[in-house]
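Participant: need the 3D shape of this:
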Amino acid sequence: MNHPIAIACYGLRAMMLVALLAVTGCSEQPGSLLDVRTSPSGARIELDGVYQGDSPLKIKVTPGQHLVMATRDGFMETRGSVNVPPTGTTRFDLSLRPLFGLILAESFPSDAEVLVDNVFRGKTPVLMTDLPAGQHRIVIKKDGYEFKETVLNIRTESDRQPKLISLELRSLLTAIKVISTPEKAKVYLDGSYVGESPQSIQNVLAGKHQVRVELDGYELFEQEADVKSMTEFTVDAPLKEKFARIKVDTDPTGGEVFLNNEARGKAPVSLEKLQEKEYTIRITKHGFDPVERKVMLKKGADLDLKIPFAKLFGILQVTTIPAGVQVFVDNEPRGVTQAPPNQAYSSPLIISNVPQGQRIVKFVKPGCADVQTIASIQDGQTTTINNVQLKRLFIPDTVIVVKDGRTLRGLINRVENDGTVHFETAPGIFVDIPPDDIVSKKPIAPTGK
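Facilitator: Numbers count the residues shown, from 1 in each chain. Next comes the predicted model:
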């Protein structure tokens, strides 16, 4: 065999053997192994300044003294020295301390609120030494100023160095100047009284505000002011003169209203666009005394008048044929006529306090047809309606059975002292029935019962 070829083949076998031992694990020779663990895990591990991987991690090392450094976002850098013996596995544990940022927050002007992640942390200037690692939203705000915000990241050891957050806040306060024609009007801002015009309202927050201007005798002025910061807003209020008004109503309603002898309609009525002066109001209504009032109006006055009428009354006197008739005036029952001895007509029925005017008078008696008429009533006078005759209706209301077997239907006109019944069997036809002849006597139920 050629020697160079033999040497080459031997070298190739040696390389293959080394590779095979590496695959099967037989290449590990007796030596030192360093088992590095951190709490929490996942830290970046450097051994003697050379990155080895992330914990937990096993490193084959030479015996002797070694420097281990662990770093992880949100935690302090941690170092430790370990002495590794010639053989075996050495476990080395590192406990990582959480990283906290050092922040000094200040503002111009000072005494502003500082909120970190929506949690109040004090007023500027304020030093915060306990902000954990991560991203934080910092807001600085003060009444009357525009708030400012920033985002702070605390990740590595370098973030442990004190950081300064210094913010200048822009003022939101401004002024509103209110002038009016005429002057000396009352000025209100957002519903609160602030004085008379002309008026300069100071320390007003930027934004929308409601301005109201009022002056007796003039219409109300309102305007929305959209105020910008650092810029004075002017409200010019030209006030319109307001006319006076009188609203007139009567008790009862419906009175005819006259203003300075000019007819203005029936109450309730509103009398508009009146000047500042004296007016005469006269109201009339049939059946009532006229009413007259004098009213002195001021500029822009708004007056409501409720005027009661004094009613006018007369007396109504009636007689009826027959008596026992109920009398209604305008559908209100006002009495029943009474029967005097030995007369075909009733005694007079006197009805007082009948309102003046045309009244509807109705006469009602069971068994008779109703009668209705119109009575003209005058104040303080007596109106007479005599001998109102009601036509009798033949409506049988009784059944009488007599001894001879007959059944009689009709109306009982009267009953004599001896018990004899004067009985109407047909319109205008009467029979007398002795009590001994009556077998039974029963009322007839009304139709529909």
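Participant: mind listing what the helix or strand hosting residue 360 pairs with, with the direction of each?
Facilitator: Per DSSP states H and E, residue 360 falls inside strand 357-364. The partner list of strand 357-364 in its sheet, established with DSSP bridges, is strand 326-329 (antiparallel), strand 371-377 (antiparallel).
Participant: now tabulate those in JSON lines and tack on distance to residue 196.
Facilitator: For every residue, glycine as well, the C-beta is placed using N, CA and C. Formatted as JSON lines, the strands paired with strand 357-364 follow (distance: least, Cβ to Cβ, whole Å):
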{"stretch": "strand 326-329", "distance to residue 196": "63"}
{"stretch": "strand 371-377", "distance to residue 196": "61"}
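Participant: most neighbours per residue, which of those?
Facilitator: strand 326-329 (a mean of 18; mean count of other Cβ atoms under 10 Å).
Participant: and the closest residue to residue 415 other than its chain neighbours, how many neighbours does it have?
Facilitator: With sequence-adjacent residues excluded and distances taken as Cβ to Cβ, 6 or more residues apart in numbering, residue 415 is closest to residue 421, at 5.5 Å. Residue 421: 22 surrounding residues under other Cβ atoms under 10 Å.
Participant: give the contact list for residue 421.
Facilitator: Contact analysis of residue 421 by Cβ atoms under 8 Å, 6 or more residues apart in numbering lists 400, 412, 415, 432, 433, 435, 438, 441.
Participant: again, only using 6 Å
Facilitator: 412, 415, 433 (Cβ atoms under 6 Å, 6 or more residues apart in numbering).
Participant: neighbour-wise, which one of those residues leads?
Facilitator: When neighbours are counted by other Cβ under 10 Å, residue 433 leads these with 20 neighbours.
Participant: any idea what it is bridged to?
Facilitator: Taking DSSP bridges as the rule, residue 433 bridges to residue 421.
Participant: from residue 400, how far off is it?
Facilitator: Remark: distance between residue 433 and residue 400 (Cβ to Cβ, to the nearest Å) = 6 Å.
Participant: pipe the strands paired with strand 357-364 into JSON lines and attach distance to residue 265 and mean pLDDT per row.
Facilitator: Converted to JSON lines, the strands paired with strand 357-364 look like this (distance: least, Cβ to Cβ, whole Å; pLDDT from 0 to 100):
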{"stretch": "strand 326-329", "distance to residue 265": "30", "mean pLDDT": "96"}
{"stretch": "strand 371-377", "distance to residue 265": "27", "mean pLDDT": "94"}
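Participant: shaky segments in the stretch 151-300 of the chain?
Facilitator: Applying pLDDT under 70 to the stretch 151-300 of the chain flags residues 156-161.
Participant: ranges for the strands of it?
Facilitator: With DSSP state E, counting those that start in this stretch applied, the stretch 151-300 of the chain shows strands at 163-168, 173-181, 186-189, 192-196, 199-205, 207-214, 221-227, 233-238, 244-251, 256-259, 262-266, 269-274, 278-284, 291-296, listed in chain order.
Participant: of all these, which lies closest to residue 362?
Facilitator: When the strands of the stretch 151-300 of the chain are compared by Cβ to Cβ, strand 244-251 sits nearest residue 362, at 27.3 Å.
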